[in-house]
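Peer 1: model the structure of this input:
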Amino acid sequence: MSRGRRYEEPKLNMKKVFAVIIAIIVIIMCVVMIKGILDRDKEKGNIASKNYFAAYQNNKWGVIDSEGNIIIDPSYEEMIIVPNSKEDIFLCTYDVDYNLGTYKTKALNSKNEEILKDYEQIEAISNKDENNNLWYESNILKVEKEGKYGLIDLSGKTLLECEYEQISALEGTKGILKIEKDGKYGIAGEDGKILIPAEYADIENLDNKNKVGFVVKNSEEKYGIVDYSNTSILETKYDEITKVYGNDNYVVKQAGKEIIVKKDGTEVLNNSNYDSVTSILKNTENGVIYKKQDKYGVMKLSGEKTIEAEYEDLKESKSGILIAKKDGKYGVIDLSKSQKIEFKYNSIYYNEKADLYIAEDEEFNNDIIDNTFTVKKTGILLELNDEKGYIKLREENENKYYNFKFEEKKETDIFTTNTLFLSKKDGKYGFVDKDGNIVVDYIYDDATEQNAYGYAGVKKDGKWGSIDKQGKLVQEPTYDLEDYLTIDFIGRWHFGKDINMNYYNQI
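Peer 2: So this is what the prediction gives:
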């Protein structure tokens, strides 16, 4: 009987070998393809994906993309609404009868095809911030069917059935909608979820920044506060609730008197020696800012006045630190009235994320002041970007960048994938690449930096034109834009005069 080997020589499984080789080749090809894509993106620079904008030409409205191509021919009498610049859905208004107040609407895509045709009307939901800047809810649309309103997303998915008398934005608060049904009001989210059932005589947001809750009114004309789950924060029994609150304290009016109450209704300040409370300070022990005879001061919740009403304006920046106005000028004080920043400015505001004060003087220059109340830089503030952590300042006719430690940064440090960088030499402007090589010669009287779509504005002999991401002139300087607040180009289109409308124009 023959005896077999305990261990045989290993044999290659050729099918597996070929499979491994093919897999390796595929991986290599994928790597090469990805590298090619990344290299092309790098060549393109910091250019945003395709966006869409309303366009105005020859007194008609259309749509362009972020390369300056006409997507919807300018042929409409009314401005076309682009609710979300990254989505190819455009809302057109037509057949307007101003005498009867009637009009029609439709939605188009980038192929100029009508979409979402199942509704009588389709509209963007407008909103505005505290400075009255107009914007639109970017992910939702209001639609009408048989005289009732509903909500859809941009793909046409139904979020709220058409069963409401009205749907509108709560001013200043993104994605929170006021709904009306059977004469009662409630709140819905932009996902269509009902947050507060439509059961109140009226409802408003308590604060458009922090989303802490809602002021509600019942059928007896009394007011209270509920949170986002419709749980009562403050009983619905007050004559009025002001939008002043803090540390679980709320300013209300009852029987003609303004008082401060806790959420359980306990009164913590009931003092007739003031006209109104304008702010509850961050540290409850410091009390409140009150107003009396058009002057402002500070009062503890006990009623003790720590700062008499002698200021023309008073707002808290940080705990215990106040921006004040006296004799027409702004400065900064603490609760002991010790002056931290001199009263010499037209305005002062505080950026909490950057922990910086921005003060404007009589010449409209800005002092940038740190948290030790030291002036660190002076110039014209062009931008404070608290997300990327930089300040853009105009100093001696040059744009300079600083981080929040006031270390100067190059434009290439901030916009790492831009292809062009503004440069100045002998009083003229040109553009260089990231290595400092001249791409556009120094021939322009003024210029803008490259925008997110690769274009930059250039000025010569008092007129403006534009260049593309390679520095090629795409619009000869022919536009007179002296009265325009913003100079910005997409191809041959320049930003419109009314910056609140967010559109581009071309002669």
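
Peer 1: in the protein, which spans are helices?
Peer 2: Using DSSP state H, the helices of the chain run over 14-44, 411-414.

Peer 1: those helices: lowest mean pLDDT?
Peer 2: Of all the helices of the chain, helix 14-44 carries the lowest average pLDDT, namely a mean of 39.

Peer 1: quick one: mean pLDDT over stretch 200-208.
Peer 2: 93.

Peer 1: just how off-centre is that stretch within its chain?
Peer 2: Centroid displacement of stretch 200-208 relative to its chain, using CA atoms, centre = their mean, to the nearest Å, is 22 Å.

Peer 1: same deal with stretch 450-458?
Peer 2: Relative to its parent chain, stretch 450-458 has a centroid offset of 21 Å by CA atoms, centre = their mean.

Peer 1: and if you look at stretch 244-257?
Peer 2: How far stretch 244-257 lies from its chain's middle: 30 Å, per CA atoms, centre = their mean.

Peer 1: what does stretch 233-250 give?
Peer 2: Using CA atoms, centre = their mean, the offset of stretch 233-250 from its chain centre is 28 Å.

Peer 1: could you measure from residue 67 over to residue 313?
Peer 2: Distance of residue 67 to residue 313, given as CB to CB, to the nearest Å: 47 Å. Backbone N, C-alpha and C define where each C-beta goes, glycine included.

Peer 1: so for those two, which sits in the more crowded spot?
Peer 2: Shown here are residue 67 and residue 313; by other CB atoms under 10 Å, residue 313 has more neighbours (17 against 14).

Peer 1: tell me the bridge partners for the more buried one.
Peer 2: residue 325 (DSSP bridges).

Peer 1: the nearest residue to residue 165 once chain neighbours are set aside: neighbouring residues, count only.
Peer 2: Among residues not flanking residue 165 along the chain, residue 180 sits closest, at 4.4 Å (CB to CB, 6 or more residues apart in numbering). Using other CB under 10 Å, the number of residues around residue 180 comes to 17.

Peer 1: how close does residue 180 get to residue 197?
Peer 2: For residue 180, the distance to residue 197 - CB to CB - is 12 Å.

Peer 1: contacts only, for residue 183.
Peer 2: Contact analysis of residue 183 by CB atoms under 8 Å, 6 or more residues apart in numbering lists residue 165.

Peer 1: what mean pLDDT does stretch 394-402 get?
Peer 2: pLDDT averaged over stretch 394-402 gives 90.

Peer 1: and that stretch, C-alpha only, in CSV?
Peer 2: Extracted C-alpha coordinates of stretch 394-402, given in CSV (Å, rounded to 0.1, in the frame of the first residue of the first chain):
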residue,chain,number,x,y,z
ARG,A,394,-9.0,97.4,3.1
GLU,A,395,-5.8,99.2,4.2
GLU,A,396,-4.1,101.9,2.2
ASN,A,397,-6.0,100.9,-0.9
GLU,A,398,-5.0,97.3,-0.6
ASN,A,399,-7.1,94.3,0.5
LYS,A,400,-5.4,92.4,3.4
TYR,A,401,-6.4,89.2,5.2
TYR,A,402,-5.9,88.4,8.9
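
Peer 1: what's the first-to-last distance across stretch 394-413?
Peer 2: One end of stretch 394-413 sits 18 Å from the other (CA to CA, to the nearest Å).

Peer 1: can you list contacts of that stretch?
Peer 2: Residues outside stretch 394-413 that contact it (CB under 8 Å, 6+ apart): 354-356, 368, 370, 376-382, 389-393, 414, 418, 421-422, 424, 434, 449.

Peer 1: and for stretch 355-369?
Peer 2: Against stretch 355-369 from outside (CB under 8 Å, 6+ apart): 317, 323, 330, 332, 341, 344-351, 370-371, 373, 375-381, 384, 391, 393, 404, 406.

Peer 1: now, of these, which are buried?
Peer 2: Applying 16 or more other CB atoms under 10 Å to these, the neighbour count classes 317, 323, 330, 332, 341, 345, 348, 350, 370, 377, 379, 381, 384, 391, 393, 404 as buried.

Peer 1: relative to residue 111, which of the residues you listed is nearest.
Peer 2: residue 384 (40.5 Å; CB to CB).

Peer 1: do a quick rundown of the strands in the stretch 401-507 of the chain.
Peer 2: Assigned strands in the stretch 401-507 of the chain, in chain order: 408-409, 421-425, 428-432, 438-444, 446-447, 456-460, 463-467, 473-479, 489-490, 493-495, 503-505 (criterion: DSSP state E, counting those that start in this stretch).

Peer 1: closest one to residue 169 among these?
Peer 2: With CB to CB as the criterion, residue 169 lies closest to strand 503-505 of these, at 20.8 Å.

Peer 1: pairing partners for the closest one, with directions?
Peer 2: strand 52-57 (parallel), strand 493-495 (antiparallel).

Peer 1: the residue nearest to residue 165 bridge partners, please.
Peer 2: Counting by DSSP bridges, residue 180 is bridged to residue 166, residue 185.

Peer 1: give me the pLDDT for the nearest residue to residue 255 once chain neighbours are set aside.
Peer 2: The shortest distance from residue 255 to any non-neighbouring residue, by CB to CB, 6+ apart, is to residue 239 (7.1 Å). With respect to pLDDT, residue 239 scores 97.

Peer 1: state the mean pLDDT of stretch 100-109.
Peer 2: Stretch 100-109 carries an average pLDDT of 95.

Peer 1: can you pull the buried residues of it?
Peer 2: Applying 16+ other CB under 10 Å to stretch 100-109 flags 105, 106, 107, 108 as buried.

Peer 1: the strands of the stretch 401-507 of the chain: which one's closest to residue 78?
Peer 2: Of all the strands of the stretch 401-507 of the chain, strand 503-505 comes closest under CB to CB, at 12.2 Å.

Peer 1: now do that closest one: distance to the chain's middle.
Peer 2: In terms of CA atoms, centre = their mean, the centre of strand 503-505 is found 19 Å from the chain centre.

Peer 1: same check, this time on stretch 113-133
Peer 2: In terms of CA atoms, centre = their mean, the centre of stretch 113-133 is set 18 Å apart from its chain centre.
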